[in-house]
Structure formats: C-alpha cells, structure tokens
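In: please work out how this folds:
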Amino acid sequence: MSLLFGRIVRDPIRSLDEIPTFSWADYVVLALMLSVSAGIGIYYACTGGKQRTTSEFLLGDRKMSTLPVAMSLLAGFLSSVTILGIPAEVYMNGAGYWYICLSFCVVVPLVIYIYMPLFYNLGIVSVFEYLERRFSRGIRIYACILFMINMLIYLAVVLYGPAIALSAVTRIPDWACILIVGMICTFYTSVGGVKAVVWTDTLQLLLMFGGAITTLAVAIYYAGGIKDVVALANSSGRLKDLYNFDLNPTTRHTFWSVVIGGIFFWLSVYGVNQTQVQRYLSIPTLRQAQNCMWIGLPGFIILLTTTTWTGLALYGYYRHCDPLWQGLISAPDQIVPLFTMETLGTYYGLPGLIVVGVFSGSLSTISSGVNALAAIFLEDCWKLWKPDTSPEWQCRVSKIAAVTFGIVCIAFAFIVAQMGGVLEFAYALFGMISGPLLGLFALGMFFPWSNTKGAAIGFTIGLAIALWIGIGSKLAGSLSEQPMLGRTPDPVSCPSMTGTYPSIQNIYKVNYEILDIYEMSYLWYGPIGCTTVVLIGLLVSFITGPRAGKEIDPQLMVPLFAKIFFFLPENTKRKFWFGVQYDRPLLIVHPRTNEDGGKVPAVSAIALPVVTVSEATPPPMNPAPRSGLTTRAPSIYTMNSSSHNNNGHFNHNMDYEVKMSAC
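Out: Below is the predicted model of the structure:
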C-alpha cells in the first residue's frame, strides 16, 4: 500500500503469488477454535445426563438458558453465507439487500405471538407432527421428506461454499476445508447433542461478529474513511436501491421485493423450520423462549448492517481494479478472503481470526441442521415405523442419525464441488421449497375450513409453481443488470486485465428472448409458493367439503384474524374464530418425573402432546383416587398413566401435573 495526497492507494497486484498466505499463527487460531468446539461436545457427553435420553439429546431436557439459545437461534441461519455473501452482493449490486433487516423486525413479533405459542404448548419435538394432527400422516411424511432433501442440499452448499472461497486465496485445499468442518461438526453434534450445538453456536457467533467487525474496520480504513465510502457508494449507484420503490417484480432488489420476500423467507425459517423451532422448544417457559427472539433482533440488525457496510467499503478499495476483471478471483464470494489476505496477510493471527469467523458460520448452521434432521428422523420416520422402541434405543437412533446425516452432508458437498455453478441455484431452491412449506402450515393454523385434500393438492401445486419459475429462470439464463458506474480500470494500479463482464446491451439482448416470468426476482419465489398453497388449498377444501370449526382441536389453530382486529368488541372478535371453540376447557398435562425418576420442568415432555378434554371425549388416562376431575379452572391434579405412544397415551410409572384451563 502507498499514500497519494493523504489517501491509501492499492499497489498493483498481478497474481495471487504476490499475496501473503496463511502463517503458523493463523493455523493455530483456526485449530484452537475447532478444538474448543470439539471439546464442548466432549464435555456435554461426559456431564449431566450424558446424553442418555432423547429429551436431553434433542431438547436439552428443556432446561436450556435464554441467552445461549438466543445466540444459537441467531447463528443458525446467519451462516458463512452472511459473512461472505452479503459483502459480495453489496459490492456487485448495491445496498438494497439491507432492507432484509426491516423484514426481520416484522417477523420477530409474528413468531413470538403466533407461531411460538402454538408449537410450545403442543409440546411436540418435530414441527411435522403438527401436520399429522391437523391433516393426516400422509401430509406429515410428504412435507417431512421434502424438507429433509432440501435441508441436506442447503447444508452441503453451506459446507462447500466457504471451502471454495477460502481455498482460492488462503491456499487451504477445498477438500480439506470440507472434511475439517464436516467432521468436527458431526463429532460434537452427535456426542454432545443440542447442548453442545447451542454452546458452540454461542462461541461461533461471537467469532463471527469479531471477524465481521474487524473486516469492516480495516476495509473502511483502506477505502479512505466513512465519508469517502458513502460518497463513492452514492456516486456509483450502490445506494439507489434504498430509494427504489418500483413495483416491477422483475427488478432484482427493490424495497418491496426485499421486505415482502424477506418476511416470507424469515417466517419460513423462524416460524416453521425445525432447526429454529427445536431451539426455542428447549427453553423451560414460553416467556423465556419469546425473550430469545427479542434478544436476537438487535444482533441480526448489527451483523447485517456490518456486512453491508463492508461491501460498500470493499467497492471503495477495489473501484479502480476489480479482482474479478483482473482474474485474481473467480466468484464474488471470494472477495472478502482476498481482501483479508491482501491487507492483513503480514499481521500474524489476524487473517486467522477472520477466517475463523467464516468457519464458525458454517459450523453453526451445519450443527443446527444435523441436530434437527436427527430429531425429524426419529420422530417422523423411526417412531412411525417402530413405535414401541425403548427410550434407550431411541437415543441411540438419534445419535446414529446425526452421524449419518453429517456424513451425507460431507458427501453432498463433494458432489456439489464437481457440479460447479450450483451454489446460487441451491440457495434459490431453499426458497422455492420453504415458501410452500410455510403456506402448508399457514393453511392449517389460520383457516379451519381447510381439509386434507386441500392441503395435499394446494401444497403440490404451490411447490410445482415455485419450482417451475425458479428452475425455469436458471435454465433460461436470464441476467441481472449490475452497476458498472465507478468501476473504471486504472492501467497503473490494475494490470493483467483478464476477466470480463456481459455488457448492459448484451444483458438486454439475452433477456429479450426470455419469458417475463423467468426474469422475476428470486425474492418472490417464497411469497408466490406460499400464497398459491393457501389459495388452492382453500379452493379445493370448499369444493370437497370444508371442515367445521367446532370439529377442530383449538390447540391446533391460531385465531389470526381475531388478533389482527384486536380493537373490536369481544363479541365481534369471536365471529373471527370461524366456529373454532377457543374457549373450550383444556386439560394440559405436564410430566412430573421421567423414566429414570428424575424431575423435569413443568412443560410437556418429549413427544407428549397437550391433551384436549371435552364432554364427548373423556381423558385418555386413569386418574388417581383423589383427582376428582372437574371443569373448574385452574386446578392442579396428580395422576398416574398407563401407557404412552404417539397417539396421545402416556408412559408407565410417570406422575403428571394436570391443569384445567380455557384456551
């Protein structure tokens, strides 16, 4: 680097050979982080209950603390995609993606007051169990299989993406990155359970923040300061998306596409995605679980804002010599590792800190995903096949499933590496499937008229339309306009120009021959899929015979429209219940002791649904002699059960705390 009129000027770089590589100190930092992560898994495998029950392995006995779970929820989907992808997106296309923060501000209260109470009070482990109770077992299995396939592909991309980005500039082979991250993550997830996942997520989130803030500070310094960063971003058009309120759905990023598309995306993640729901189900009380989301909100905004500013600062640094034009990197996601090694390569340990943040992003997402997949396999596959499996074997099956899914993710990552160009498609695929899944849950929760046929046909059509538009767009090869203004090559500071970009004229020429629907912004895939499922599902339900609200268990429904019109008189709001008897007395059962005789929190135990009791349906249990079951609320009773399976019966030799209350 050199100074010219008080400004830092980038020295000419002709090849990666001129950039420093990882030092011994950087490798020590990386090895230390991986060792600590593995050590956390070993610690929780040897302490407490030693992961001997599925309740501990999958839900931490529902005794997890609020702060680490809040950080785990935040880290679960703020992966290396955030650390590498958002700066690259802003560098290439502008800062419009920052509006995703507004989406999250809308999503958090929706999750807290609508989705979270329903899943938490049902006491389920797998979110797909809800679909069986509301619709049928076939719908449950249908949705579960699609989710598992989609999640495995996504986790493989999360594992492969950082590996290829880091290997290009740090000289760490991509296969080594895949194996290291995949094996360490699989190890501590399979031996330490959700406790290890949550606490390693906490550590890794701190490292992600440390790496992101360090990168931002260095980038602003080398770009000439905050004033220069803002001025250059404004003159180059990278801030124009912040003022773009265009309603055209083919525009890649506008206020409406980012905010509306972001709401549907984050609702599908935090509202009905197993990886996130399983986290807040591990909290002792609903209030603490809700606090987790509030705590995570500012952290999300800070990290997204940090990475957005990093992208703007990187433009200020590389504006006269784009490393893509120069041929130093082959993909925008490699720009953060390149900048790190170029500016900090001579400072032992600092590049390692930033790379550790990237690795942490991958570890947190993959560990959360593997643990969730293990829970789904146990609850939605194994228990349906072998419902009489002993608790000991259920725990063993969960651990074997975690190891297996970890190995499959590693294998898929190597397959992705051979396919090339599949990264963006895989991320889009996640949105194509998550939108219809969100619509399926919304159909069940908010619309009592929906039936099984409507759910099956609506979900199938919604999924088909989302996949048709998304895959068709990729196959058609539509191109997005990229702001070229300001990125002018300087022959002095930018030698060896080998890379090329399609010109704006070529983009218009290519897109002219493509159907408009294939030019639609990827952010609309989720809203289209979700809306289609709800509309088609309701239409088919009314044609085939809608369900009556009074026939549906009120614990499976949410009075959404009554909540929206909360300001209306009580009698008027009851009309928006659509016949669902939300005031029906409910028998809420909480286990007092587990199979080993140990105390557990006063919430529904693993796989123990909340039981609804009405005059027509007697309670499925034998009350203790002094129980005296009545309809007065609230009252506490103690009773002993006779059996338990997934159909609502209870375990042998377990005492329960029973509370009568109104919904």
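
In: in this structure C177 contacts R171, no?
Out: No - the criterion here is CB atoms under 8 Å, and C177 misses it with R171 at 11.2 Å. For every residue, glycine as well, the C-beta is placed using N, CA and C.

In: who has more neighbours, the two?
Out: Shown here are C177 and R171; by other CB atoms under 10 Å, C177 has more neighbours (24 against 12).

In: can you list the weak-confidence ranges in this protein?
Out: The chain contains residues with pLDDT under 70 at 1-16, 48, 165, 168-170, 417-427, 477-515, 585-663.

In: residue for residue, what is the longest helix it has?
Out: Longest helix of the chain, by residue count under DSSP state H: helix 174-223.

In: report the distance from that helix to the chain centre.
Out: In terms of CA atoms, centre = their mean, to the nearest Å, the centre of helix 174-223 is found 16 Å from the chain centre.

In: what's around N451, how many residues?
Out: Neighbour number of N451 under other CB under 10 Å is 21.

In: show me what contacts the residue nearest to it when sequence neighbours are not counted?
Out: Of all residues not flanking N451 in the chain, S541 sits nearest, at 4.7 Å (CB to CB, 6 or more residues apart in numbering). With contacts defined as CB atoms under 8 Å, 6 or more residues apart in numbering, S541 is in contact with 447, 449-451, 453-455, 547.

In: of all those, which comes closest to G361?
Out: A455 (35.2 Å; CB to CB).

In: and the closest one, how far is that from M116?
Out: 22 Å (CB to CB, to the nearest Å).

In: so for the two, which sits in the more crowded spot?
Out: A455 (28 against 22).

In: quick one: neighbours of the nearest residue to the more buried one once chain neighbours are set aside, just the number.
Out: Nearest non-adjacent residue to A455, counting by CB to CB, 6+ apart: F135, 4.8 Å away. As a burial measure, F135 scores 25 neighbours (other CB under 10 Å).

In: and what of V125?
Out: The burial count for V125: 27, using other CB under 10 Å.

In: next up, the contacts around it.
Out: V125 is in contact with 54, 58-59, 278, 281, 375, 378-379, 606-607, counting by CB under 8 Å, 6+ apart.

In: which pair of the residues you listed spans the longest distance?
Out: L281 and L378 (14.2 Å).

In: the residue nearest to N451: helix or strand, and which one exactly?
Out: S541 is part of helix 525-544, with elements assigned from DSSP states H and E.

In: so how far is the helix or strand just after that helix from its chain's centroid?
Out: Using DSSP H and E, the next helix or strand after helix 525-544 towards the C-terminus is helix 560-564. Helix 560-564 sits 26 Å away from the centroid of its parent chain (CA atoms, centre = their mean).

In: in stretch 446-454, what counts as buried?
Out: 446-454 (16 or more other CB atoms under 10 Å).

In: contacts for it?
Out: By CB under 8 Å, 6+ apart, stretch 446-454 touches 135-136, 138-139, 443-444, 534, 536-542, 544-549, 552, 557-558, 560-561, 578-580.

In: now do 7 Å
Out: Outside stretch 446-454, the residues within contact range by CB atoms under 7 Å, 6 or more residues apart in numbering are 135-136, 139, 443-444, 537-538, 540-542, 544-547, 549, 552, 557-558, 560, 578-580.

In: so who does the residue nearest in space to the middle of the chain touch?
Out: Centroid-nearest residue in the chain, with CA atoms, centre = their mean: F77, separated by 3.8 Å. Shown in contact with F77 (CB under 7 Å, 6+ apart): 269, 365.

In: do the one 10 residues further on as well
Out: By CB under 7 Å, 6+ apart, P87 lies in contact with 307, 310-311, 314, 335-336.

In: now the phi/psi pair for the closest residue to E519 other than its chain neighbours, please.
Out: Excluding the flanking residues, the one nearest E519 by CB to CB, 6+ apart is T250, at 4.2 Å. For T250, the backbone dihedrals (degrees, to the nearest 10) come out as phi -80, psi -10.

In: how much space separates T250 from A428?
Out: 15 Å.

In: can you name the residues in contact with stretch 462-469?
Out: With CB under 7 Å, 6+ apart, stretch 462-469 has contacts from 432-433, 435-436, 439, 517, 520, 525, 528-529, 532-533, 536.

In: select only the buried ones of these in ChimeraX?
Out: Typed into ChimeraX, the line below selects the buried ones among those, using 16+ other CB under 10 Å:
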select :432,433,435,436,439,520,525,528,529,532,533,536
